[in-house]
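> Fold the following.
(chains A and B)
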Amino acid sequence: MAAAATCSTGTRSTGSMVVAASRNNVTSFQRRGPRTSGTDSGCSRLVSISGTRPSVRNGQLLVSTGLPALDQLLGGGLAVGTVLLIEEDKYNIYSPLLFKYFLAEGIVTGHTLLVASAKEDPADILQELPAPLLDDNCKKECDEDICNHKTESNVKMKIAWRYQLLPKIEARPVSSSRFGHYYDVSKRIPQELIEASKWHGFFLPEKISSTLNEDPCSLNHGYIKLLQFIQNIIYKEGFDGSNPQKKQKNILRIGIQNLGSPLWGDDICWTENCDSNCSLTKFLYMLRGLLRTSLSACIITVPTHLIQNKAIIARVTNLSDTVVGLESFIGSEKETNPLYKDYHGLIHIRQIPQLNNLICDVSDVKDLAFKLKRKLFTIERLHLPPDLSDTVSRSSKQDLAESAKLLGPGCGMTARGKKHLDF
Amino acid sequence: MFPELNNLLNTTPDQVEQGKLTLLCDAKTDGSFLVHHFLSFYLKANCKVCFVALIQSFSHYNIVGQKLGVSLTTARECGQLVFLEGLKSAVDVFFRPQEEPHPLQFLREANSGNLQPLYEFVQEALKPMDSGEAAWRCPVLLVDDLSVLLSLGVGAVAVLDFVHYCRATVCREWKGNVVALVHDSGDAEDEENDILLNGLGHQSHLILRAEGLATGFCKDVHGQPKGSS
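Residues are numbered from 1 along each chain as shown, chains lettered A, B, ... in the order given. Predicted coordinates:
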């Protein structure tokens, strides 16, 4: 592919200067419907890859992130060829969960996995994936629950019937559809599923011991190795269309954990100077280049709360496609705030890509919170607790207002509202 | 091409101003619609366009272009459009070492790179044909976007030099236009980006700025544009 792209200096027709080789490119951004250029690898084949579906807005091919609620917030799913960046929460408790959901979804739908980590062996990460809820028994139970829930909700909504029209963010497993599955976090994935799946692991301490014999490009050694590993897998297994004999197209799911942390050899978490340091941004750019030309989707978790320089965070955000930030309440003042008592943290959808489109699919709900129940990780719209009577509402509202104000100044002050005066 | 924007700028595809540097800037919102607008505008105005697309793939621009009424594939085939797909070329230059100078050669260099190969690419792409007859109206250089060059290790001064060279050649010598997009990092205190933005702001004839609303997020209105010349 590269050989065709670079043309000789002798004849340089400006029309064919770069990249577009005469034969078709299997990029991930293909439209539904018949293509007029008449090239092969038509859309019907792409649509039939398991675990994917075309977006209703622009025909973009989507994969599930493993959490149907998150899929809904991202406009249907994660687009193939893009990067999902998770900004880690402070103690890295909930972001590994999203990471594992993504990988588990890949195993269940039969995608190939590529797991890269500097901290844990990828084999260990795969052992800890949540078990999918695929049993028929469970489905029957869920259906029964749904019937009960629906009759209940029909009865309730006689007065507040307008709320019934609002779309709900799904919080319970409704059905086990082919796109997007539910998982039980309290159980481990069955060993047979892991063994039946195809996965590649990149564990940094193992790979970095070899000597460096190529010229340095001001990129971190670990990042160079990872890029070469990813590119190798994409090329060898034909995810970029370079192996046309492959009958069944598949998606490569890449997961990179704790990118930018000191374990990867990157120093952005402890230096303020961003002039000389562009390893992470360069890595993200090259990764984007690899993803856009192959059938793959990538999830990255980055400890942005450790990065000192805000400019780098802005650049990293610009170079990623979808950015989701997790903010957990553990250890913060918000833990005791009655507003947040039902939840474990807030989830911020910071960026959604505009692909093949002039505008993007922004959901109208901006204040979202998550909670980790025993079996399930749910994302819900943040709402105030219900008011029961007049006096209670006044005090609770005033308390909330006071506590919200007092949270600013911080230490030494308790978040307790002033008693409101009774006349 | 957006007719409202054309009305605001007092331009139509039939009468195109020449020798101008236009700076597109976005803050807290996405300004890529401006890039799509100018791309379709200049292609409809029958200008020769060199598009250095560093952020997205060719098919993305093509699909949006079709929605705006131009076909990039046809333009590329007949020679009106020279498209440098940054992402794909970067992968080529990074993983497979090239003998001849590649426009994105700076990706392989260790210290703050040199954009001269990129300038030479632009020069080669837009230079007027020696055949004498003018097939296209005027050359246009479109860059999306310049801020990503800073993320790739190129210094702000090098980027300013590149734009200066391009302006001298394309705007002054060949009476063409240059349009470039730069992100405004706002309060993220990106010094290099601010240097680039201020420097280009002084040099440019027209600054189009797309800002997010000061009051925050609104579903129907994405932001407000501002133009100054």
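> With just CA atoms, put the helix or strand A:Phe102 falls within into CSV.
Element membership for A:Phe102, per DSSP states H and E: helix A:95-109. C-alpha atoms of helix A:95-109 as CSV (Å, rounded to 0.1, in the frame of the first residue of the first chain):
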residue,chain,number,x,y,z
SER,A,95,-12.2,3.3,34.8
PRO,A,96,-10.8,-0.3,34.7
LEU,A,97,-14.4,-1.4,34.8
LEU,A,98,-15.2,0.5,31.6
PHE,A,99,-12.0,-0.9,30.1
LYS,A,100,-13.1,-4.5,31.0
TYR,A,101,-16.6,-4.0,29.7
PHE,A,102,-15.2,-3.0,26.4
LEU,A,103,-12.9,-6.1,26.2
ALA,A,104,-15.7,-8.4,27.4
GLU,A,105,-17.9,-7.1,24.7
GLY,A,106,-15.2,-8.0,22.2
ILE,A,107,-15.0,-11.5,23.5
VAL,A,108,-18.7,-12.1,23.4
THR,A,109,-19.1,-10.8,19.8
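> Quick one: mean pLDDT for it?
For helix A:95-109, mean pLDDT is 92.
> per-residue pLDDT, the closest residue to B:Pro97 other than its chain neighbours?
Excluding its sequence neighbours, the residue lying closest to B:Pro97 (C-beta to C-beta, 6 or more residues apart in numbering or on different chains) is B:Arg108, at 7.5 Å. Heads up, the C-betas are built off the backbone N, CA and C, glycines and all. pLDDT, B:Arg108: 78.
> re the thing from before, given the helix or strand that the helix holding A:Phe102 is followed by, what are its sheet partners and their directions?
Moving toward the C-terminus from helix A:95-109, the next helix or strand (DSSP H and E) is strand A:112-117. In the sheet, strand A:112-117 lines up against strand A:199-203 (parallel), strand A:252-256 (parallel) (DSSP bridges).
> Just name the most buried of these.
Counting by mean count of other C-beta atoms under 10 Å in any protein chain shown, strand A:252-256 has the highest mean neighbour count of the strands paired with strand A:112-117, with a mean of 26.
> I'd like the next helix or strand past that one.
Following strand A:252-256 in sequence order, the next helix or strand is helix A:279-292 (DSSP H and E).
> export the strands paired with strand A:112-117 to CSV and tack on distance to B:Gln116?
Formatted as CSV, these follow (distance: least, C-beta to C-beta, whole Å):
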stretch, distance to B:Gln116
strand A:199-203, 36
strand A:252-256, 34
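> Please identify which of the ones you listed is closest to B:Ala90.
Closest of the strands paired with strand A:112-117 to B:Ala90 is strand A:252-256, at 17.7 Å (criterion: C-beta to C-beta).
> relative orientation of the helix holding A:Phe102 and strand A:252-256 in degrees?
160 degrees (axes from the mean of the first three to the mean of the last three C-alpha atoms, to 10 degrees).
> Show me the shaky parts of chain B.
Applying pLDDT under 70 to chain B picks out residues B:110-112, B:130-134, B:213-226.
> Where do the strands of it begin and end?
Per DSSP state E, chain B carries strands over the ranges B:21-27, B:48-53, B:81-85, B:139-144, B:177-184, B:206-211, B:224-228.
> swap in chain A?
Applying DSSP E to chain A gives strands spanning A:52-54, A:61-63, A:78-79, A:83-87, A:112-117, A:130-132, A:183-188, A:199-203, A:252-256, A:296-302, A:322-328, A:345-351, A:368-372, A:377-381.
> circling back to that earlier point, with respect to chain A, which of the strands of chain B lies nearest?
Comparison of the strands of chain B against chain A by C-beta to the nearest C-beta identifies strand B:81-85 as nearest, at 4.7 Å.
> what lines up beside the closest one in the sheet?
The pairing partners recorded for strand B:81-85 under DSSP bridges are strand B:48-53 (parallel).
> so B:Pro13 makes contact with B:Ala45?
Yes - at 4.0 Å, B:Pro13 counts as touching B:Ala45 under the criterion of C-beta atoms under 8 Å.
> Which residue of the two possesses the greater neighbour count?
B:Ala45 (19 against 16; other C-beta atoms under 10 Å in any protein chain shown).
> per-residue confidence for A:Lys139?
We have a pLDDT of 48 for A:Lys139.
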